[in-house]
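Colleague: coordinates for the following, if possible.
(2 chains)
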Protein chains: 2
Amino acid sequence: MKHAFTLATSSRTTTPVMITKLEYDGFTGYGEASMPPYLGESHNTASDFLSKVDLSTFSDPFLTEDILDYIDSLAPGNYAAKASVDIALHDLTGKILNVPLYKLWGLDPGKTPDTSFTIGIDTPEVVRQKVEEASGFKILKVKLGGSNDKEMINTVREMTDVPLCVDVNQGWKDKKEALDMIFWLKEKGIVFVEQPFNKDDRDNSAWLTGNSPLPVIADEAVQRLKDLPDLKGLYSGVNIKLMKCTGLREAWKMINYARSVGMTVMLGCMTETSCGVSAASQLSPLVDFADLDGNLLINNDIFDGVKVIQGKITLPDKPGIGVELTNDIFN
Amino acid sequence: MKHAFTLATSSRTTTPVMITKLEYDGFTGYGEASMPPYLGESHNTASDFLSKVDLSTFSDPFLTEDILDYIDSLAPGNYAAKASVDIALHDLTGKILNVPLYKLWGLDPGKTPDTSFTIGIDTPEVVRQKVEEASGFKILKVKLGGSNDKEMINTVREMTDVPLCVDVNQGWKDKKEALDMIFWLKEKGIVFVEQPFNKDDRDNSAWLTGNSPLPVIADEAVQRLKDLPDLKGLYSGVNIKLMKCTGLREAWKMINYARSVGMTVMLGCMTETSCGVSAASQLSPLVDFADLDGNLLINNDIFDGVKVIQGKITLPDKPGIGVELTNDIFN
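Modeller: Numbering: from 1, shown residues only, chains lettered A, B, ... in the order given. As a prediction, this is how the structure comes out:
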């Protein structure tokens, strides 16, 4: 990573990823598993999982629903490893049809949102440096839940008046302090608050969402589609990430579910290469907010794909997830 | 129609349909609006609606989501007319890519369900004749809610032991009689009960669904995606029809929503040509039950498309919705 990444609960300088390659009839699809250590997946678990996968019984990569049901059935968990297969499979079928995924899904590439750029918890000097680097972005995501929330926001606000969103990463404890903070944040031009309390703290979440003047968005509290109905009344929106939910197919179902119950929809990512970020970006015309900056936080990207141009996610006119491998780690 | 079609509330011998044709870059997509008179649409309303449509501002038929949002925004209602555009647009993009829709959607054409064949309310002689004609089907749908429900079932059961489902079309009034009837029906090998009470009778529906040993499926009580969250606790399943919900795109979202809240999913149709039925059939690998026999009930089909082979929906290996126009009404 370009900078150490500090959240309310942890700090790290690298994130293990694994790149998955699927081949069929001369075509190649790429996928990625990004595995922040606190989520429990690793190179070992992903290798173990992928060693169980045998796609030879499927006649055709277009049997996407069956193949992904099979992948999901191989073992519980392993969300990122499953996502790597899902992404590679979608990339593969898009390449066989020679069509970008957004086009297969009927989405307008002009409707991609601006992506936020993340400012981690840090000293005012480092925050100022990061905001300076982020001058091309039209929305910033500020990590809160440390000991200096107001200082973080004030430092950012001294330098820019772009919309901000905040991600507390479960860092707040007291509901009344949280609500006071949200009213203060609203005055400072914050547009939503992500995961204020511990993911299992349903009472505080319900109370805060019921009283908050800003959308309250679930991240750690939601893994995949089956979790969404249970969020009713607890959050007003959801942050969907491929690495949490097993990939593009389930992410699309989640977006549609969330839309149909009136939730704010956000699409996020882990620290990952342009492979995972470009895959998620294919869905971004459907969402309200995107936090797809994971590939911009690393120094060793091995894919060329989606770009951020004047703050906006800009989809390549290339088939599948739209990436080219620039450093062929497979050879 | 081959036979007069008698439900709990009405009887008719024809159903007006309108065929919609979309052309782009040398490709042609077909769609259909089927307009049973009691739903309020007609040739006049559909013509008026379609005369408002101007797709010239869209650069590309692959902007499906935008185009269909625009179509939906032109006027309230007009569900079948909207579906005709949705179907034609999907047919068109499938033909441009030279891929059947089921393949674009990642579905296994081997997983299509058996379709039920509908036996309308009639005298025992006519019922026997219809059951005789339906000997190739592996599941029958019996219309109830008239004055002779048990006679209908007994007549069918004298001739066949295939699974039956029943469609009451809002014909029952009393909840305790309804529950007694459902217990009796279960003994007779009925697999689900569709729309027992008036669509607005929420109390009776909730009570019956809570006590019924068979799935209770909403038909008239649900129009489109936005209605689904409100069915919670009132029904255990939903009958999705393209002509009710504005087309394939919304139908797919409805299937995914219903699945994610554990509802039984059924795909139905109106009396329509093989155009509308073949379109709906593309989604059928995703559902529990299909009632896609509308094209088999008419004498004047002008499309060749999906077939029922040994009771099972059999998708053609043709692009888009998979139909050929056999009587070119446009020339």
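
Colleague: where do the helices of the stretch 201-331 of chain A begin and end?
Modeller: Along the stretch 201-331 of chain A, counting by DSSP state H, counting those that start in this stretch, helices occupy A:202-211, A:242-245, A:248-260, A:274-281.

Colleague: which one, of those helices, ends up nearest to B:Val99?
Modeller: helix A:248-260 (17.3 Å; C-beta to C-beta). Backbone N, C-alpha and C define where each C-beta goes, glycine included.

Colleague: domain parsing for chain A?
Modeller: A:17-99, A:104-325 (automatic domain parsing).

Colleague: any chance of those in CSV, plus mean pLDDT?
Modeller: Below are the domains of chain A laid out as CSV (pLDDT from 0 to 100):
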stretch, mean pLDDT
domain A:17-99, 97
domain A:104-325, 97
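
Colleague: and the biggest helix by length in chain A, how far from the chain's centre?
Modeller: When chain A is scanned for its longest helix (criterion: DSSP state H), the result is helix A:79-97. In terms of C-alpha atoms, centre = their mean, to the nearest Å, the centre of helix A:79-97 is set 16 Å apart from its chain centre.

Colleague: swap in stretch A:228-240?
Modeller: The answer for stretch A:228-240 is 16 Å, by C-alpha atoms, centre = their mean.

Colleague: what's the angle from the longest helix of chain A to helix A:274-281?
Modeller: Angle, helix A:79-97 to helix A:274-281, by axes from the mean of the first three to the mean of the last three C-alpha atoms, to 10 degrees: 80 degrees.

Colleague: so what's A:Ala134 up against?
Modeller: Contacts for A:Ala134 were tallied using C-beta atoms under 8 Å, 6 or more residues apart in numbering or on different chains; they are A:Phe117, A:Ile119, A:Leu140.

Colleague: so which of those is the most crowded?
Modeller: Of all these, A:Ile119 has the most neighbours under the rule other C-beta atoms under 10 Å in any protein chain shown, reaching 26 neighbours.

Colleague: ok, now which ones touch it?
Modeller: By C-beta under 8 Å, 6+ apart, the neighbours of A:Ile119 are A:Val127, A:Lys130, A:Val131, A:Ala134, A:Leu140, A:Lys141, A:Val142, A:Lys143, A:Met152, A:Val156.

Colleague: CA atoms only: put the helix or strand hosting the last one into PDB for me.
Modeller: Taking DSSP states H and E as the criterion, A:Val156 maps to helix A:149-159. As requested, C-alpha coordinates have been extracted for helix A:149-159 and formatted as PDB (Å, rounded to 0.1, in the frame of the first residue of the first chain):
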ATOM      1  CA  ASP A 149     -13.200  12.400  15.000                       C
ATOM      2  CA  LYS A 150     -13.900  16.100  15.000                       C
ATOM      3  CA  GLU A 151     -10.200  16.900  14.400                       C
ATOM      4  CA  MET A 152     -10.200  14.600  11.400                       C
ATOM      5  CA  ILE A 153     -13.200  16.300   9.900                       C
ATOM      6  CA  ASN A 154     -12.000  19.800  10.700                       C
ATOM      7  CA  THR A 155      -8.600  19.100   9.200                       C
ATOM      8  CA  VAL A 156     -10.200  17.800   5.900                       C
ATOM      9  CA  ARG A 157     -12.700  20.800   5.900                       C
ATOM     10  CA  GLU A 158      -9.800  23.300   6.200                       C
ATOM     11  CA  MET A 159      -8.700  22.000   2.800                       C
END
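
Colleague: which residues touch whatever helix or strand comes next after it?
Modeller: Downstream of helix A:149-159, the next assigned helix or strand under DSSP H and E is strand A:164-167. Counting by C-beta under 8 Å, 6+ apart, strand A:164-167 makes contact with A:7, A:116, A:118, A:139-145, A:153, A:156-157, A:185, A:188-195, A:219, A:289, A:291, all of which sit outside it.

Colleague: counting neighbours, which of the contacts of A:Ile119 comes out on top?
Modeller: Going by other C-beta under 10 Å, A:Val142 tops the contacts of A:Ile119 with 26 neighbours.

Colleague: right, and it touches A:Ile153 too?
Modeller: Yes - look at A:Val142 against A:Ile153 with C-beta atoms under 8 Å: they come within range, at 6.3 Å.

Colleague: enumerate the residues of chain A near chain B.
Modeller: A:62-66, A:68, A:93, A:97, A:99, A:103-108, A:111, A:225-226, A:228-229, A:249, A:253, A:256-257, A:260-261, A:285-286 (C-beta under 8 Å from any C-beta of the partner chain).

Colleague: buried ones only from those residues, please, as a PyMOL command.
Modeller: In PyMOL, a selection of the buried entries from the residues of chain A next to chain B looks like this (16 or more other C-beta atoms under 10 Å in any protein chain shown):
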select buried, chain A and resi 62+63+64+65+66+68+93+97+99+103+104+105+106+107+108+225+228+249+253+256+257+260+261+285+286
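
Colleague: roughly how far does whatever residue of the stretch 101-250 of chain A ends up closest to chain B sit from A:Gly210?
Modeller: When C-beta to the nearest C-beta is the measure, the stretch 101-250 of chain A has its nearest residue to chain B at A:Gly106, with 2.7 Å between them. Using C-beta to C-beta, to the nearest Å, one gets 36 Å for the distance from A:Gly106 to A:Gly210.

Colleague: what of A:Pro285?
Modeller: Distance, A:Pro285 to A:Gly210, by C-beta to C-beta: 31 Å.

Colleague: kindly report the same for A:Lys21.
Modeller: Distance from A:Lys21 to A:Gly210, counting by C-beta to C-beta: 47 Å.

Colleague: so A:Ser11 touches A:Ala4, yeah?
Modeller: Yes - when contacts are counted by C-beta under 8 Å, A:Ser11 is listed as touching A:Ala4 (5.6 Å).

Colleague: OK, contacts around the residue lying closest to the residue of the stretch 101-250 of chain A closest to chain B once chain neighbours are set aside?
Modeller: In this structure, A:Gly106 finds its nearest non-sequential neighbour in B:Thr64, 2.7 Å apart by C-beta to C-beta, 6 or more residues apart in numbering or on different chains. With contact taken as C-beta under 8 Å, 6+ apart, B:Thr64 is in contact with A:Trp105, A:Gly106, A:Leu107, B:Leu89, B:His90, B:Thr93, B:Arg249.
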